[in-house]
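S.K.: compute the structure for the input listed below.
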Amino acid sequence: MEAFLALAGLADHAAAFTAQKFDWETIRALATLDKLEESEKVVATLRLNMPERIRFLNALKRLKADLESTFIEPPELTKMLDMDPYLKPFAARYIRRYDKYAKFIANIDKHEGGLVEFAGSYKRYGLVRTEGGIVLREWLPAARSVALMGDFNQWNRTSHAAVKNDFGTWELFLPDTAAGPAIPDFSFVKLVVVGPDGQAHERIPAWIHRAVQNKGNIVFDGVYCPPSPYVWKHTSPPRPAAPRIYEAHVGIASATPGIASYNHFTDNVLPRIARLGYNTIQLMAVMEHAYYASFGYQVTNFFAASSRFGLPDDLKRLVDTAHGLGLFVLLDLVHSHASKNASDGLNMYDGSDGGYFHAGPRGRHDLWDSRLFDYSSWEVLRFLLSNVRWYLDEYRFDGFRFDGVTSMLYLHHGCGRTFGGYGDYFDDSVDDDACVYLMLANTLTHLVRPDAISIAEEVSGYPGLGRPCSEGGFGFDFRLSMAVPDMWIKLLKEFKDEDWNMGNIAWTLSNRRYGEPAIAYAESHDQALVGDKTIAFWLMDKEMYTHMSVLSERTPIIDRGLALHKLIRLVTHALGGEGYLNFIGNEFGHPEWLDFPRVGNGESYHYCRRQWGLVDDHLLRYQFLNAFDAAMNALDAHFNWLGAAPAYVSCKHEDDKILVFERAGLIFAFNFHATKSFTDYRVGAATPGKYKIVLSSDDTAYGGHQRLDAATDFFTAEVPWHERPRSLQLYLPCRCAFILARQE
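M.R.: Numbers count the residues shown, from 1 in each chain. Just a heads-up that it's a prediction; the model follows:
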């Protein structure tokens, strides 16, 4: 009954319903009454105001539909429900969603030859080279007429008119000429679209493979760019046991102010990433976006790799080289919304407010100032699922980080909402069409690439996101632990060091859904954007300009900053998830913030770059943070704590500021206290034996004070401590962390 009342928005009336002897069986009986009027008579006896009564009756209608319908159930639903019994009252919602997903796949099998074939529509849509010519095929359901123009026909607006089929798709065949293809490679093309109002508009074909911004122009232009026969040198490496992700943006990857290239990234940044011990790269802003300062999140041309950074083959070389270095490569996939640009995007593509998007307010994200896809549309699903397969096939990406999943899941997009109970995940605000799309996208990804990695950027904590579709879940492999960086920034902004709560830190880092792996991170691109600062800059601020030289005074601010930067990253790495993420440059404490060129900063690239010279200069202290980052990754590669079961936290001492936990057979000890060091501090241990320090943040190699001796042996005693069967006694210097490994 509690679940039903939560869905009806009446959870606070539970006691009143119980007092009137309303239970689950009573509610089921009401839902099965033949006439709604009979239910209304009973509901009228309840002490509900009119809005509450309406919500109750609407919930009854939904329950009645669920009880009367025959649904295809997830074959392994009980696995997820047994894992989290609190989901059992909401099983009907998972079943209804899975039913929609299964029936769509059945329709795809019947009409399109299967999901993988359906997603291969990129081979048939757009401008496609075929035997004897080029075919144009574009979906513009509301258009009155469509014609192709470009360099190939001297921009004649009417000579190459397309023909519309019964499904709103326009087609045109351009036969080869004596000189070759009718449209030369890398020549400019556009559509002339006459909308339902009779007005003509110029549009870039939705399935275009390349769009460029000519000098002096704001608007991008479409380019006919058929896929090239790139010769791949390397196959994808085996999927990492646990991803250590280096999040990167190609354009900002140079120290020189300006826009860096795919080739620059390949030659200069990939070797750095490999040396640091990361096994996965997550590339942002690859999908073409007219507005550079959008960070790639206002996509205009979904099948076009950003031309700012180079040619399509340059991106293929980047991925190929990364594979040769043993690196998985993920694409930051933006299917949660699209740019509202019309002339070079999808907005008003056929002259109507709908098309690829919902018409009216539902098709607009006011906070992001962008358009929202209609995930119920067959042709929209063709477009988006083909986009998924395109990047797996054509560029050989190894998976995706799905952007903006929270916005997709809910009609309110998560804006201004808090999620306090399970009822918040299953009310009428959930967009089941978007949920089904995500299930389809993950199913497709793993059909094309069984070893692919898919990650959800999702903040509400939706249950089942990281469970298989066969259980009623969404099929993601990981979800981002977005509360973790928020916690660190809040602590640095609002709390003194002595007020940091060890219990809250441990809880935030370990609070994740069981059985749904998470990617932990201390900071990402979000925290670096203008208006905020990197963790290093929060810690050391202006003294980074004057006291980061090893020849200068080691001030208290610099000393604190170096120490806490290491502690924050290590505890996040070791306790926060089943994967780890770092944003480009933050591994060495990149100063300041990230600000793209815009009118407000005079179109400056000064803060839109990575100052590699800081870490490469051996007279600067950035090298120590960089070395510590590499050491963390190397140790995880050896012991695989990210791939191990969640940690057991044995000590959270608020006065001492001590945090101790065990994971993968290792003991992690942290002293966050600003001034207090402790001798013979007893900590719990599960396994008996001799332990040695395998990593210490206090080593001079990492900018520390060398207060610990790595040669020291630590032996367990049969003294139970902190609910562990035995214990060790340790020296815990202030603002220091170290890892102990048992010696065989």
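S.K.: quick one: contacts for residue 219?
M.R.: Residue 219 makes contact with 213, 290, 343, 344 under the criterion C-beta atoms under 8 Å, 6 or more residues apart in numbering. Just so you know, the C-beta spots here come from the backbone N, C-alpha and C atoms, and that holds for glycine as well.
S.K.: part of a helix, is the third one?
M.R.: Just to be clear, that refers to residue 343. No. Counting by DSSP: H, G, I helix; E, B strand; the rest coil, residue 343 falls outside a helix, being coil.
S.K.: switch to numbering from 18
M.R.: Noted, 18 is the first residue going forward, which turns the last one into residue 360.
S.K.: where does residue 74 land on pLDDT?
M.R.: pLDDT recorded at residue 74 is 77.
S.K.: most neighbours among the contacts of residue 236, which one?
M.R.: Within the contacts of residue 236, residue 361 tops the neighbour count with 25 neighbours, counted by other C-beta atoms under 10 Å.
S.K.: the nearest residue to that one once chain neighbours are set aside: neighbouring residues, count only.
M.R.: Distance criterion C-beta to C-beta, 6 or more residues apart in numbering; nearest residue to residue 361, sequence neighbours excluded, is residue 237 at 4.1 Å. With neighbours defined by other C-beta under 10 Å, the count for residue 237 comes to 24.
S.K.: gap between residue 237 and residue 210?
M.R.: According to C-beta to C-beta, to the nearest Å, residue 237 stands 16 Å off from residue 210.
S.K.: and for residue 128?
M.R.: Taken as C-beta to C-beta, the span from residue 128 to residue 210 is 27 Å.
S.K.: look at the two and report which has more neighbours.
M.R.: residue 210 (24 against 9).
S.K.: which SS class is that one?
M.R.: Per three-state DSSP, residue 210 ends up strand.
S.K.: OK, contacts around it?
M.R.: Going by C-beta under 8 Å, 6+ apart, the list of residues near residue 210 reads 157, 160, 162, 163, 217, 218, 219, 220, 366, 367, 368.
S.K.: from the residues you listed, which is closest to residue 195?
M.R.: Within the contacts of residue 210, the smallest distance to residue 195 is 27.1 Å, found for residue 163 (C-beta to C-beta).
S.K.: least confident secondary structure element in the chain?
M.R.: In the chain, no helix or strand scores lower on mean pLDDT, DSSP states H and E than helix 53-60, which sits at a mean of 62.
S.K.: identify each buried residue in the helix or strand following it, please.
M.R.: Per DSSP states H and E, the first helix or strand lying C-terminal to helix 53-60 is helix 67-85. Buried positions in helix 67-85, judged by neighbour count with 16 or more other C-beta atoms under 10 Å: 69, 70, 72, 73, 74, 76, 77, 79, 80, 81.
S.K.: which helix of the protein spans the most residues?
M.R.: Looking across the chain with DSSP state H, the single longest helix is helix 108-129.
S.K.: shaky segments in this structure?
M.R.: Along the chain, the parts satisfying pLDDT under 70 run over 18-21, 24, 34, 36-39, 41, 48-64, 83-86, 546-548.
S.K.: so the closest residue to residue 676 other than its chain neighbours: helix, strand or coil?
M.R.: Leaving aside its chain neighbours, residue 676 sits nearest to residue 687 (4.3 Å; criterion: C-beta to C-beta, 6+ apart). Following three-state DSSP, the label given to residue 687 is strand.
S.K.: residue 687: what's it in contact with?
M.R.: Shown in contact with residue 687 (C-beta under 8 Å, 6+ apart): 584, 587, 588, 675, 676, 677, 753, 754.
S.K.: now swap in residue 225 and tell me
M.R.: By C-beta under 8 Å, 6+ apart, the residues touching residue 225 are 143, 144, 206, 239, 240, 242, 318, 320, 321.
S.K.: the residue nearest the centre of the chain and residue 420, how far apart?
M.R.: Centroid-nearest residue in the chain, with C-alpha atoms, centre = their mean: residue 474, separated by 3.3 Å. Residue 474 sits 5 Å away from residue 420, going by C-beta to C-beta.
S.K.: what do you get for residue 500?
M.R.: 18 Å.
S.K.: what about these two, which has more around it?
M.R.: The neighbour comparison of residue 500 against residue 420 (other C-beta under 10 Å) goes to residue 420, with 21 against 16.
S.K.: surely residue 339 touches residue 299?
M.R.: No. Between residue 339 and residue 299 there is no contact under C-beta atoms under 8 Å: 11.3 Å.
S.K.: tell me which of those two has more neighbours.
M.R.: Per other C-beta under 10 Å, whichever of residue 339 and residue 299 has more neighbours is residue 299, with 28 against 25.
S.K.: buried set for the helix or strand harbouring residue 340?
M.R.: In this structure, residue 340 sits in helix 329-341 according to DSSP H and E. For helix 329-341, a neighbour-count test (16+ other C-beta under 10 Å) marks 329, 330, 331, 332, 333, 334, 335, 336, 337, 338, 339, 340 as buried.
S.K.: which neighbouring elements make contact with it?
M.R.: helix 279-281, helix 287-293, strand 345-350 (3 or more C-beta pairs under 8 Å, 6 or more residues apart in numbering; DSSP states H and E).
S.K.: what's the closest of these to residue 257?
M.R.: When those are compared (using C-beta to C-beta), the closest one is strand 345-350, at 6.0 Å.
S.K.: going by contacts, tell me the helices and strands next to that closest one.
M.R.: Strand 345-350 sits against strand 297-301, helix 329-341, helix 395-410, strand 416-419, strand 470-473, with contacts defined as 3+ C-beta pairs under 8 Å, 6+ apart.
S.K.: one step back: tilt between the longest helix of the chain and helix 67-85?
M.R.: If you take axes from the mean of the first three to the mean of the last three C-alpha atoms, to 10 degrees, helix 108-129 sits at 60 degrees to helix 67-85.
S.K.: contacting residues around helix 108-129?
M.R.: Taking C-beta under 8 Å, 6+ apart as the rule, helix 108-129 contacts 80, 83, 86, 88-91, 94, 97-98, 104, 131-132, 135, 398, 443, 447, 449, 452-453, 456-457, 460, 481, 486, 489.
S.K.: from the chain's centre, how far out does it sit?
M.R.: Relative to its parent chain, helix 108-129 has a centroid offset of 25 Å by C-alpha atoms, centre = their mean, to the nearest Å.
S.K.: okay, it in CSV with CA atoms only?
M.R.: Extracted in CSV, the C-alpha atoms of helix 108-129 (Å, rounded to 0.1, in the frame of the first residue of the first chain):
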residue,chain,number,x,y,z
ALA,A,108,7.7,-4.5,-10.1
ALA,A,109,4.8,-3.6,-12.3
ARG,A,110,6.6,-0.5,-13.6
TYR,A,111,9.7,-2.6,-14.5
ILE,A,112,7.5,-5.2,-16.3
ARG,A,113,5.5,-2.5,-18.3
ARG,A,114,8.8,-0.9,-19.4
TYR,A,115,10.4,-4.2,-20.3
ASP,A,116,7.2,-5.2,-22.2
LYS,A,117,7.5,-2.0,-24.3
TYR,A,118,11.2,-2.7,-24.9
ALA,A,119,10.6,-6.4,-25.9
LYS,A,120,7.7,-5.5,-28.2
PHE,A,121,9.8,-2.8,-30.0
ILE,A,122,12.6,-5.3,-30.6
ALA,A,123,10.0,-7.8,-31.9
ASN,A,124,8.7,-5.2,-34.3
ILE,A,125,12.3,-4.3,-35.4
ASP,A,126,12.9,-8.0,-36.0
LYS,A,127,9.8,-8.2,-38.1
HIS,A,128,10.1,-5.1,-40.2
GLU,A,129,13.8,-4.1,-40.2
